[in-house]
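Visitor: got a structure for you, letters missing:
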């Protein structure tokens, strides 16, 4: 599964990273999220879904 964060939509709430730190990290300069790796499989798929569901801005796309 491919994980993408729309930098224009992300507001840096950090909920995705708090929910799924194995999938998402936050940039030091602005606190916006990015996927640690763009491709996930296995147990990380569920973690990516949980992180995406936690995003109040719906800035995370899973394909």
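Guide: In hand now; what should we look at? Model, not experiment: these values are computed from the prediction.
Visitor: Just want the phi and psi numbers for the residue most central in space within the chain.
Guide: Centroid check for the chain by C-alpha atoms, centre = their mean gives residue 24 as the closest residue, at 4.5 Å. Taking degrees, to the nearest 10, you get phi -120, psi 150 for the backbone angles of residue 24.
Visitor: Adjust the sequence numbering to begin at 35 for everything that follows.
Guide: Right, with 35 as the first residue, what we last looked at is residue 58.
Visitor: for it, what are its contacts?
Guide: By C-beta atoms under 8 Å, 6 or more residues apart in numbering, the residues touching residue 58 are 39, 50, 51, 67, 68, 69, 70, 85. Just so you know, the C-beta spots here come from the backbone N, C-alpha and C atoms, and that holds for glycine as well.
Visitor: What's opposite the fourth one in the beta bridge?
Guide: Put plainly, it is residue 67. For residue 67, the beta-bridge partners under DSSP bridges are residue 60.
Visitor: Generate a ChimeraX selection restricted to the buried subset of the contacts of residue 58.
Guide: Remark: buried members of the contacts of residue 58, expressed as a ChimeraX selection using 16 or more other C-beta atoms under 10 Å:
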select :39,50,51,67,68,69,85
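Visitor: Export the contacts of residue 58 as TSV, with columns for pLDDT, secondary structure and distance to residue 76.
Guide: As requested, those are exported to TSV (pLDDT from 0 to 100; DSSP: H, G, I helix; E, B strand; the rest coil; distance: C-beta to C-beta, whole Å):
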residue	pLDDT	secondary structure	distance to residue 76
39	98	strand	20
50	98	helix	19
51	98	helix	20
67	98	strand	21
68	98	strand	20
69	98	strand	15
70	97	coil	14
85	98	helix	15
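Visitor: and residue 97, how many neighbours?
Guide: Around residue 97 there are 6 other residues, counting by other C-beta atoms under 10 Å.
Visitor: how far away is it from residue 59?
Guide: Counting by C-beta to C-beta, to the nearest Å, the gap from residue 97 to residue 59 is 20 Å.
Visitor: Could you do residue 69 as well?
Guide: Residue 69 sits 8 Å away from residue 59, going by C-beta to C-beta.
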